[in-house]
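>>> I need the structure of the sequence given here:
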Amino acid sequence: MEWIRGIALFALAASLLLLLVPEGAGKRAAALACGAAMAVVLLSPLQGLTGESAAAWIRRYAEKGLPEGRVDAVEKEILCERVSAYIEARAAELGADLRAEAELVREGDSFRVSAVRLYGPAGVPDNFDETVRQELGVAKEAVEWVN
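Got it, this is the predicted structure:
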């Protein structure tokens, strides 16, 4: 609210100043200065944003701007993509070319990997499904190979 009050007061002061300045180059210079100062006033709330506070601000904006539950869906989708990419990179380290799809479920304030679908020859690389189960804490029956 203080920010809006500052904008209003500055706009009033700038208007009065421009009324008092005579026409010509002086008025154009005053208008330019007032416009630049107004830009500074408008952008002043951004001056306190650090990386962490910017992330918090974006999260709050996202929560207000998206329908309820949609923030979780977006977060879940991003995490699914990251976990799948991790599994594929891990397989590549072991010399296998496969595609992975991870499914996550929310538990409290975080997500956990509930199932993994692996596309490629089953068991290649050797016991890769065991590696996935151990590293991601996935139950044996939740890892599925699809050829």
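
>>> what about residue 92, how many neighbours?
Neighbours of residue 92 under the rule other CB atoms under 10 Å: 12. Where you see a C-beta, it was placed from the backbone N, CA and C, and this is true even at glycine.

>>> can you check the one 5 residues further on too?
When neighbours are defined as other CB under 10 Å, residue 97 has 10 of them.

>>> Contacts only, for the nearest residue to it once chain neighbours are set aside.
Nearest in space to residue 97, with sequence neighbours left out and distances taken as CB to CB, 6 or more residues apart in numbering, is residue 120 at 6.8 Å. By CB atoms under 8 Å, 6 or more residues apart in numbering, the contact list for residue 120 reads 91, 96-99, 145, 147.

>>> For ChimeraX, write the select line for the buried members of those residues.
Applying 16 or more other CB atoms under 10 Å to those, the buried members can be selected in ChimeraX as follows:
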select :91,96,98,145
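
>>> Out of the contacts of residue 120, name the ones that lie in strands.
Among those, DSSP state E puts 99, 145 in strands.

>>> For the most far-flung residue of the chain relative to its centre, give me the backbone phi and psi.
Farthest-out residue of the chain from its mean C-alpha position, per CA atoms, centre = their mean: residue 22, at 49.6 Å. Here is the backbone geometry of residue 22 (degrees, to the nearest 10): phi -70, psi 160.

>>> and the gap between it and residue 15?
Distance of residue 22 to residue 15, given as CB to CB, to the nearest Å: 16 Å.

>>> Tell me where the protein has strands.
Assigned by DSSP E, the chain shows strands spanning 99-107, 110-119, 143-146.

>>> Could you give me the buried positions within the second one?
Within strand 110-119, the residues that qualify as buried are 111, 113, 116-118, counting by 16+ other CB under 10 Å.

>>> can you pull the buried residues of stretch 33-42?
The neighbour-count check on stretch 33-42 (16+ other CB under 10 Å) flags 34, 41 as buried.

>>> So, low pLDDT: which residues of the chain?
1, 46-71, 123-124 (pLDDT under 70).
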